[in-house]
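*Asks:* sharing a model prediction with you, sequence too.
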Amino acid sequence: MMRIFAAAAVLVLAALPVRAAVEIQEVISPGGIKAWLVEEHSIPFVALELRFKGGASLDAPGKRGATNLMTGLIEEGAGDLDARGFAEAVEALAARFDYDVYDDGLSISAQFLTETQDASVALLKSALTEPRFDQDAIDRVRGQVLSAIRSDATDPDEIASQTFDRLFYGEHPYGSSYNGTVESVTALTRDDIVEAHARVISRDHLYVGAVGNITAEELGALLDTLLGDLPATGAAEPEEAELLAPGGVTVVPFETPQSVAVFGHAGIARDDPDFFAAFVMNQVLGGGNFSSRLMEEVREKRGLTYGVYSYLVDKDYADLVVGRIASANNRIAEAISVIREEWARVAAEGISEQELEDAKTYLTGAYPLRFDGNARIAGILVGMQTADLPIDYIATRNDRVNAVTMDDIKRVAARLMDAEALHFVVVGQPDGLEATN
Amino acid sequence: MRRLAVCLFACLVSLPGNAAEVSTFTLDNGLEIVVLEDRRAPVVVHMVWYKAGAADEPPGKSGIAHYLEHLLFKGTDDLAPGEFSDTVARNGGSDNAFTSWDYTGYFQRVAADRLELMMQMEADRMRDLELTGTDILTERDVIIEERNQRVENDPGALFAEQRRAALYLNHPYGIPIIGWRHEAETLELEDALDFYRKFYAPNNAILIVAGDVEPDEVYDLAKTHYGPLDPTPGLAERVRPSEPPQLSERRLIFEDPRVAQPYVIRSYLAPERDSGAQEDAAALVILAELLGGNGATSVLGRKLQFERQAAIYTSAFYQSISYDDTSFGIYIVPVPGLSLEEAEAALDRAVAEFLAEGIDPDQFERIKMQLRASQVYAEDSIQGLARRYGAALTSGLTVEDIAAWPDVLQAVTEEDVLAAAERLFDRKRSVTGWLTKPGAQEVTQ
């Protein structure tokens, strides 16, 4: 009875609209700054997402970690306010400013109440345009970064990720942690921080999304106030990364009960005609839910892990298919062999009609659920712009998923998936696992 | 939790009083229903919370509440193993579950017109679980791998287990949710079923439906699907073994070669939010913010990170939502070169100075302002709101307590906070832990 009910429900689902309220407006401020806006007047606050493309990959040569340290210092004093004064001012307005940096961007996620909007924007502007970078703040935040670098060095997940990145990307900025090393961060000077700010925080790198209790006209004025004084240009964008790691296994010995593995090979670009086919195929192989082949074979049938996943990595300058798993030292070899078999099986056979239909229903049904909060939607608006998607993309996205055919999947699986090309980085004391180098 | 964190951190900030429309119902079989309306998106979160968690396990069976949570996905008289999650996925939804000391919760996030299907399946597994021997042994391996991932591979997590076990002399809050490894490895089907039959019943559950729904329709659907289920007769209020007077401070040193960043952390036994009496807890929420909220403005941050430059990081934390006595903690991550002994002394000095100097009225007012604003921001996540209701209602609080909480917080005075701090900071009711590399202390001292 249950199965029949579910099947009937599926037919209705295809008709579900993607949140009628997600009506994106493109706003161009009087000063020429572009933003995407969704008006949502039911709660008296605004979520504003700013992203500066390039992020930590814009570190100057020899200055690894400069952008990350600079990001940590943005709110440590600006204009007339020192670090404490600035933090107290943010608290008094009950604004929330979060700063985040990663390989492809520097993000500022701001939320402010309508009643304190002008003062909050003035404060954020001061942080963006006149940060003080006081020496005592630099030293204090540097201490926090160095502590994080040392902790990463004994964290098996971090060791696995950093080893994987080094093997795949080599000298490209992606090949090393954006935190930098103890040596590189210790050597950074105030001038290096000022330069990192100039390289990253500029209008040509900027993308903006806004959601909340604000009109297009009000947003236009806000954009000019907040961002009008930023310099026009920053550093040039990084090069495309070359993928260096051949198929094989790298073992990093580390005394811990459970081995952690990261594995992957070359992937597919976001604008490739077969991207959606690859996306749907990966959903079946190792996508996020309990029904994926990898979860079924490795966890549900054999109990070898708590979680195993695969995903398409679409960075701005590299594309990979990557997976992760953790298994006890005496079981990781078996888990890896099952993963390889599943990788080879999908490459050779593709997926079944039923799997394709289930994946489509899941992906198209889950998509509207993403748009469930102002802050979340603001992030999506920026993500769409940095990926160069059209403003009507949300309305067409499910059609693109539904258009994927069995032939598309077969073609892309044969082209993309290659069990021999997979490189596994294993951190731990794995039993019976042969390293290839 | 099947995939996310096992234990939930309590929300330090307030619950919105009347942001989302709140409606409550009770079915004849005892099921309590809370509906939170939010019409911004055609989405619904459907949750069932059981008033049973790790602290309700029988002795020697640690981890059984969490193990059972995993087994709830393994099939019923109507559903094959895995069919629950597969059906949710085929309907474009996501589902998961979580276990804490005081509750176990199951939820699905799905398009609003799928609500009835979720109810039908969730009601089915409330009473009609059917398990086979092989499924449950494989799942026990999964639990052990989960423990490996969360705890055994992380010295900080092992340290936290040891500290917690020392904080509670008698209460089962001292036992880890995921279970001690040696007990979790031997859990049996019958252990899980005993727990299930007793606690998984409509008169021990709270249904929370949040999102794009009509409360009366939710009530009608719930009556149809949950209404026919039998309650567990004679299920009394939970009474766990309680703490004796704590007469001796406890101190422990946890050494592990994987520790890169040593730190000192101290936890005190503390009162939790009680129904109709949330004032002490409200004062402690504000105390935690004053002492360790924001590194640049808090007392510990100012004194230890800015003025004395003794710390890389400091914090204070307090879990206000709990069925029985909870804990309040302070900690310090020292700068390189400072021993843990010196760090602990600096931490103690900072707290003593705070008690002597009193509260900065500006800081006090800023914290109140932020608590007010958090009510507005909290409205943005309906799932977060639903979780706060669930945690509160399974920890002895009522919808009225939740509604009153923002005002209780705003009514706290500086004197209340200092009085609460004086009562709290009794070393006899505390555990102090040092986390370090083997031999590291000898080197730095």
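*Replies:* Happy to help now that I have it.
*Asks:* tell me which element the closest residue to A:Val121 other than its chain neighbours is part of?
*Replies:* Computed as Cβ to Cβ, 6 or more residues apart in numbering or on different chains, the closest residue to A:Val121 that is not its neighbour in sequence is A:Leu226, at 5.3 Å. C-beta coordinates here come from the backbone N, C-alpha and C atoms, glycine included. Per DSSP states H and E: A:Leu226 is located in helix A:216-227.
*Asks:* just the buried residues of that helix, please?
*Replies:* The neighbour-count check on helix A:216-227 (16 or more other Cβ atoms under 10 Å in any protein chain shown) flags A:218-220, A:222-223, A:225-227 as buried.
*Asks:* redo these as CSV? Include pLDDT.
*Replies:* Converted to CSV, the buried residues of helix A:216-227 look like this (pLDDT from 0 to 100):
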residue, pLDDT
A:Glu218, 98
A:Leu219, 98
A:Gly220, 98
A:Leu222, 98
A:Leu223, 98
A:Thr225, 98
A:Leu226, 98
A:Leu227, 98
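*Asks:* where does pLDDT dip in chain A?
*Replies:* A:1-21, A:437 (pLDDT under 70).
*Asks:* and if we set it to 80?
*Replies:* Scanning chain A for pLDDT under 80 picks out the ranges A:1-21, A:288-289, A:437.
*Asks:* what residue in it comes nearest to chain B?
*Replies:* Nearest residue of chain A to chain B: A:Gly365, at 1.2 Å (Cβ to the nearest Cβ).
*Asks:* about what we covered before: packing partners for the helix holding A:Leu226?
*Replies:* For helix A:216-227, the elements it packs on are strand A:25-28, strand A:34-39, helix A:117-129, strand A:206-212, judged by 3 or more Cβ pairs under 8 Å, 6 or more residues apart in numbering or on different chains; DSSP states H and E.
*Asks:* got the CA positions of the shortest one in CSV?
*Replies:* I take that to be strand A:25-28. C-alpha atoms of strand A:25-28 as CSV (Å, rounded to 0.1, in the frame of the first residue of the first chain):
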residue,chain,number,x,y,z
GLN,A,25,15.1,41.5,-9.5
GLU,A,26,18.3,42.8,-10.9
VAL,A,27,19.1,46.1,-9.3
ILE,A,28,21.7,48.5,-10.7
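*Asks:* contacting residues around that strand?
*Replies:* A:34-39, A:210, A:216, A:219-220, A:223, A:391 (Cβ atoms under 8 Å, 6 or more residues apart in numbering or on different chains).
*Asks:* list the buried ones in that strand?
*Replies:* By neighbour count with 16+ other Cβ under 10 Å, strand A:25-28 contains the buried residues A:Val27.
*Asks:* could you pull out the strands for the stretch 101-250 of chain B?
*Replies:* Ranges of strands in the stretch 101-250 of chain B, per DSSP state E, counting those that start in this stretch, are B:104-111, B:205-211, B:250-255.
*Asks:* out of the ones you listed, nearest to chain A?
*Replies:* Smallest distance to chain A across the strands of the stretch 101-250 of chain B (Cβ to the nearest Cβ): 5.3 Å, for strand B:104-111.
*Asks:* doesn't A:Ser120 make contact with the residue nearest to A:Val121?
*Replies:* No - judged on Cβ atoms under 8 Å, A:Leu226 makes no contact with A:Ser120 at a distance of 9.9 Å.
*Asks:* circling back: thinking the residue of chain A closest to chain B is in contact with B:Arg109, fair?
*Replies:* No - counting by Cβ under 8 Å, A:Gly365 does not reach B:Arg109; the two are 10.7 Å apart.
*Asks:* quick one: residues contacting whichever residue of chain B sits closest to chain A.
*Replies:* At 1.2 Å from chain A, B:Gly92 is the closest residue in chain B, using Cβ to the nearest Cβ. Neighbouring residues of B:Gly92 by Cβ under 8 Å, 6+ apart: A:13, A:16, A:361-369, B:110-111, B:114.
*Asks:* hang on, B:Asp401 in a helix?
*Replies:* Yes - secondary structure of B:Asp401 (DSSP: H, G, I helix; E, B strand; the rest coil): part of a helix.
*Asks:* so how far is B:Ala281 from the closest residue to it other than its chain neighbours?
*Replies:* Nearest residue to B:Asp401, sequence neighbours excluded (Cβ to Cβ, 6+ apart): B:Ser275, at 5.3 Å. Going from B:Ser275 to B:Ala281 by Cβ to Cβ, to the nearest Å gives 11 Å.
*Asks:* cool, and A:Leu304?
*Replies:* 43 Å.
*Asks:* what does A:Val208 give?
*Replies:* From A:Val208 to B:Ala281 the distance is 41 Å (Cβ to Cβ).
*Asks:* for the stretch 101-250 of chain A, which residues are neighbours of chain B?
*Replies:* Residues of the stretch 101-250 of chain A lying close to chain B (Cβ under 8 Å from any Cβ of the partner chain) are A:111, A:113, A:140, A:143-144, A:146-147, A:150-156.
*Asks:* show me how to select, in ChimeraX, the buried members of those.
*Replies:* In ChimeraX, a selection of the buried entries from those looks like this (16+ other Cβ under 10 Å):
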select /A:111,113,140,143,144,146,147,151,152,154,155,156
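*Asks:* now, the residues of the stretch 101-250 of chain A next to chain B that are in strands?
*Replies:* Using DSSP state E, A:111, A:113 are the members of those that sit in strands.
*Asks:* for the residues of the stretch 101-250 of chain A next to chain B, could you give me a markdown table that also reports distance to B:Gly301?
*Replies:* Shown next, in a markdown table, are those (distance: Cβ to Cβ, whole Å):
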| residue | distance to B:Gly301 |
| --- | --- |
| A:Gln111 | 22 |
| A:Leu113 | 24 |
| A:Arg140 | 10 |
| A:Gly143 | 13 |
| A:Gln144 | 12 |
| A:Leu146 | 18 |
| A:Ser147 | 15 |
| A:Arg150 | 21 |
| A:Ser151 | 20 |
| A:Asp152 | 23 |
| A:Ala153 | 26 |
| A:Thr154 | 26 |
| A:Asp155 | 25 |
| A:Pro156 | 31 |
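*Asks:* counting neighbours, what do you get for B:Thr438?
*Replies:* I think there's a mix-up here, since residue B:438 is Pro and not Thr. By other Cβ atoms under 10 Å in any protein chain shown, 11 other residues sit near B:Pro438.
*Asks:* no wait, A:Asp80
*Replies:* Neighbours around A:Asp80, by other Cβ under 10 Å: 10.
*Asks:* kindly report the same for B:His46.
*Replies:* 30.
*Asks:* hang on, it in a strand?
*Replies:* Yes - when classified by three-state DSSP, B:His46 is found to be part of a strand.
*Asks:* that one is in contact with B:Phe107, isn't it?
*Replies:* Yes - in this structure, B:His46 is within contact of B:Phe107 by Cβ under 8 Å, at 6.6 Å.
*Asks:* hmm, the biggest strand by length in chain A touching chain B?
*Replies:* Secondary structure of chain A per DSSP E: the longest strand is strand A:318-328. Yes - interface with chain B: strand A:318-328 contributes A:326-328 (Cβ under 8 Å from any Cβ).
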